[in-house]
Every structure is written in structure tokens, then in C-alpha cells.
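Peer 1: Give the three-dimensional model of this entry:
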Amino acid sequence: MKKRHRWYEWLWIWELLYFSLGFFHILFAWLGLLDFLLPLLLAIFGGNKFFCNHLCGRGQLFQLLGTKGRCSRNHPTPRWMSSRAFRYGFLIFFMTMFGNMLFQTWLVFGGSRGLREVLKLFWTIRVPWGWSYTAGTVPDWIAQFSFGFYSMMLTSTLIGLIVMLLYKPRSWCTFCPMGSMTQSICEWKHRELLHFEEKSA
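Peer 2: Coordinates of the predicted model:
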């Protein structure tokens, strides 16, 4: 019997659509906030990693390219890559870069710096991206956030593609910052539940 696919198994299309829309108009980068907020909300209120396991279009895309597309060497993911030290070290680094992006947006909002229509790949390589935005369409700080956020989303996806090529298709998921954050939330909620049950016993 042919396997019936659930609707969320097609969310890899969302990942492709997001980057395609952002390529032609940078303001679509704001849609990426859904991939930031949904995992946290599901972990906080559901106490689980449902987003990571079922709704992550990026993970689905890596799986699709790596298995059906045969783009992955399918070598075992290195143990250090899934270690707690590396995962949370990468999370701290990632959130530092995110904070810096917000600071740059704040500088534009305050008028102390002008809009820079560039992407920063791997947080260092500046790529001009002016064709995707017409100056003055929205306040400069909104556009600046778009350029910064799209840079982070594209960079993290490229890192995921690199480790997909070298190792197992979803090797990125072992140290994904959102996965690390949701894991921490779930562990905290589990400890709180156990503490509550011990007090109630």
C-alpha cells in the first residue's frame, strides 16, 4: 500500500519558497521569524520538539537532497558535532551574531548609521544585494533587519548543506541553535514537572 504523506511532510517547499522570495525582495526575510518563534512556542507550551521532528522545512530539505537527491556521503556525524559543548558553544556564537544584527538594526533606527544593502555570508563575506530592495519603500531599519536576518538564515542553511554533503543528511540538526534552545526548554519543563510531582506525592 502506498504511503500517504501528511501535509507537513511537504514543508521543504516552504524553505525553497522563503529563499526564492527573499532573493527577489528582501522584505520577505521577515517571514523567517516563523522559524524562530514556532519552535520556541511549541517547546514552551507543548513541552516537546514537534517542530524539529515534523515541521522544520530545512531539515526536510536536507533529508530530501541527501537521500533522494543522493547529495550526501552519508558518513556518520562526528561525535564532537553532537556534543553538548559544541552545540551550546555554537548556540552562544549564533546568538551573539543575532544580537549584533539587532544592534546594527538599532543603529539604523537611531539614524547613526545608514542602510547597507548587503548580505554577510558566514558573518564575514559581504555580498551586494541592492537589486532586491528599492530604498524608501519602508523605514530603513525594517530593511536593515531584513538584510541581516536573511544573511543569518542563508548562512545557517549553507552550513547545513556543507555538513549534509560531508556526513549524514540531517547532521545540521545535531547542533542547530533552535534545536538546542528547544531541547533546553523541554529539559527544563521536564525537571519542573518531576519537581511538581515529587511535591504532590
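Peer 1: Which residues are in contact with the spatially most central residue of the chain?
Peer 2: Central residue of the chain (C-alpha atoms, centre = their mean): Met153, 5.8 Å from the mean position. Counting by C-beta atoms under 8 Å, 6 or more residues apart in numbering, Met153 makes contact with Tyr18, Phe19, Gly22, Ala29, Gly32, Asp35. C-beta coordinates here come from the backbone N, C-alpha and C atoms, glycine included.
Peer 1: If you rank those by neighbours, which is first?
Peer 2: Ala29 (26 neighbours; other C-beta atoms under 10 Å).
Peer 1: Might you report the residue contacts of that one?
Peer 2: Ala29 sits in contact with Gly22, Phe145, Ser146, Phe147, Phe149, Tyr150, Met153, where contact means C-beta under 8 Å, 6+ apart.
Peer 1: Thr157 too?
Peer 2: Glu15, Phe19, Arg58.
Peer 1: what's the closest of the residues you listed to Leu41?
Peer 2: Arg58 (17.6 Å; C-beta to C-beta).
Peer 1: If I follow the layout properly, the closest one ends up in contact with Gly160?
Peer 2: Yes - between Arg58 and Gly160 there is a contact under C-beta atoms under 8 Å: 6.4 Å.
Peer 1: Just give me the residues shared between the contact sets of those two.
Peer 2: Trp172.
Peer 1: sorry, back to before: could I get the contacts of Ala29 as TSV with distance to Ala43 and secondary structure?
Peer 2: Output for the contacts of Ala29, formatted as TSV (distance: C-beta to C-beta, whole Å; DSSP: H, G, I helix; E, B strand; the rest coil):
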residue	distance to Ala43	secondary structure
Gly22	26	helix
Phe145	24	helix
Ser146	26	helix
Phe147	28	helix
Phe149	21	helix
Tyr150	24	helix
Met153	20	helix
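Peer 1: Can you report how many residues neighbour the nearest residue in space to Trp123 that is not next to it in sequence?
Peer 2: The shortest distance from Trp123 to any non-neighbouring residue, by C-beta to C-beta, 6 or more residues apart in numbering, is to Met97 (5.5 Å). Met97 has 18 neighbours, counted by other C-beta under 10 Å.
Peer 1: got it, and Arg84?
Peer 2: So Arg84, with other C-beta under 10 Å, has 9 neighbours.
Peer 1: And Phe19, which helix or strand is it part of?
Peer 2: helix 12-24 (DSSP states H and E).
Peer 1: Can you tell me what sits against stretch 53-65?
Peer 2: 6, 8-9, 11-16, 18, 35, 38-39, 52, 71-72, 157, 160-161, 164, 169-170, 172-173.
Peer 1: List buried residues within these.
Peer 2: 11-12, 14-15, 18, 35, 39, 52, 72, 157, 160-161, 164, 169-170, 172-173 (16 or more other C-beta atoms under 10 Å).
Peer 1: Not counting sequence-adjacent ones, nearest residue to Val118?
Peer 2: Arg126 (4.8 Å).
Peer 1: next one: Phe90
Peer 2: Closest to Phe90 by C-beta to C-beta, 6+ apart is Phe175, at 5.1 Å.
Peer 1: Angles on the backbone of the residue nearest to Val118, please.
Peer 2: phi -90, psi 120 (degrees, to the nearest 10).
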